[in-house]
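> Fold the following for me, if possible:
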Amino acid sequence: MIAELKHLIDNKILSTNESYFDIAFHRGFIIDTNENEEYTIQVSYSSDSEKILTYYENKKDFELKELLDLPIQDGAKATIKGYIEDNISPYDFLVKCNIFTYPKWRVLATSKKREKLENIFSLLKEFRELINQGFINTLVSDFDFISGKKRRNKIIETRPKCFDGLCVESNISKIFPFAREVVF
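Take a look at the predicted model:
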């Protein structure tokens, strides 16, 4: 599966992008044709607004306080808290925040064959399930081909750092690298 993903990215069918980890797979996909008579697959990406809309679709009758339990950003939670204090209804909150304009669909890939696009979607979905189950750690450099990032090995120092700029040991070790052996 990983080799197949790498093949799709190498052949420029998929681009290097971390957003593959954020696809809202429960929304499914839309396959359409473009002006070049190629098939395009469009997917929705998971965002705070999309998560709130999904919650609304699954549970029409709820209180705004319940949205604070969703895995959304702190800024969105602060906005929700402001509307809770205003005692606004959940539906009015969704309208004011333009939640009903979601999901937003974006092109994931194009191909001459419709089946190929369906296979790409199922491959990415299967890959995401393995990540969620903990079988795959995408932080390992083996998966850099997906995000297009090249990791550099950084030396991690366990010594405390000098935060006030007056730390003699830190300053001496920067100026004289051989001075690291000296114990203060």
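> which ones are touching the residue nearest to the spatial centre of the chain?
In the chain, the centroid-proximal residue (C-alpha atoms, centre = their mean) is Asp22; its distance is 4.2 Å. Counting by C-beta atoms under 8 Å, 6 or more residues apart in numbering, Asp22 makes contact with 45-47. C-beta: built from backbone N, CA, C; applies to glycine.
> Give me the distance between the longest helix anywhere in the chain and the centre of its chain.
Longest helix in the chain by number of residues (criterion: DSSP state H): helix 114-132. Distance of helix 114-132 from its chain centroid, counting by C-alpha atoms, centre = their mean, to the nearest Å, is 16 Å.
> what are the phi and psi values for Cys97?
Backbone torsions of Cys97, given as degrees, to the nearest 10, read phi -90, psi 10.
> burial count for it?
Neighbour count for Cys97, taken as other C-beta atoms under 10 Å: 16.
> got it, and Leu64?
Neighbours of Leu64 under the rule other C-beta under 10 Å: 19.
> Quick check: the spatially closest residue to it that is not a sequence neighbour vs Ile99, distance?
Sequence neighbours aside, Ile84 is the residue nearest to Leu64 in space, at 4.9 Å (criterion: C-beta to C-beta, 6 or more residues apart in numbering). Ile84 sits at a distance of 16 Å from Ile99 (criterion: C-beta to C-beta, to the nearest Å).
> same question, Ile88
Distance, Ile88 to Ile99, by C-beta to C-beta: 13 Å.
> higher neighbour count, these two?
More crowded of Ile88 and Ile99, by other C-beta under 10 Å: Ile99, with 19 against 14.
> what's the more buried one in contact with, if anything?
49, 52-53, 56, 93.
> Would you reformat those as JSON lines and include distance to Lys12, secondary structure and neighbour count?
Shown next, in JSON lines, are the contacts of Ile99 (distance: C-beta to C-beta, whole Å; DSSP: H, G, I helix; E, B strand; the rest coil; neighbours: other C-beta atoms under 10 Å):
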{"residue": "Ser49", "distance to Lys12": "31", "secondary structure": "helix", "neighbour count": "19"}
{"residue": "Ile52", "distance to Lys12": "35", "secondary structure": "helix", "neighbour count": "21"}
{"residue": "Leu53", "distance to Lys12": "32", "secondary structure": "helix", "neighbour count": "20"}
{"residue": "Tyr56", "distance to Lys12": "38", "secondary structure": "helix", "neighbour count": "18"}
{"residue": "Phe93", "distance to Lys12": "42", "secondary structure": "helix", "neighbour count": "20"}
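> For those, give me TSV that also has pLDDT.
Formatted as TSV, the contacts of Ile99 follow (pLDDT from 0 to 100):
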residue	pLDDT
Ser49	87
Ile52	90
Leu53	89
Tyr56	91
Phe93	88
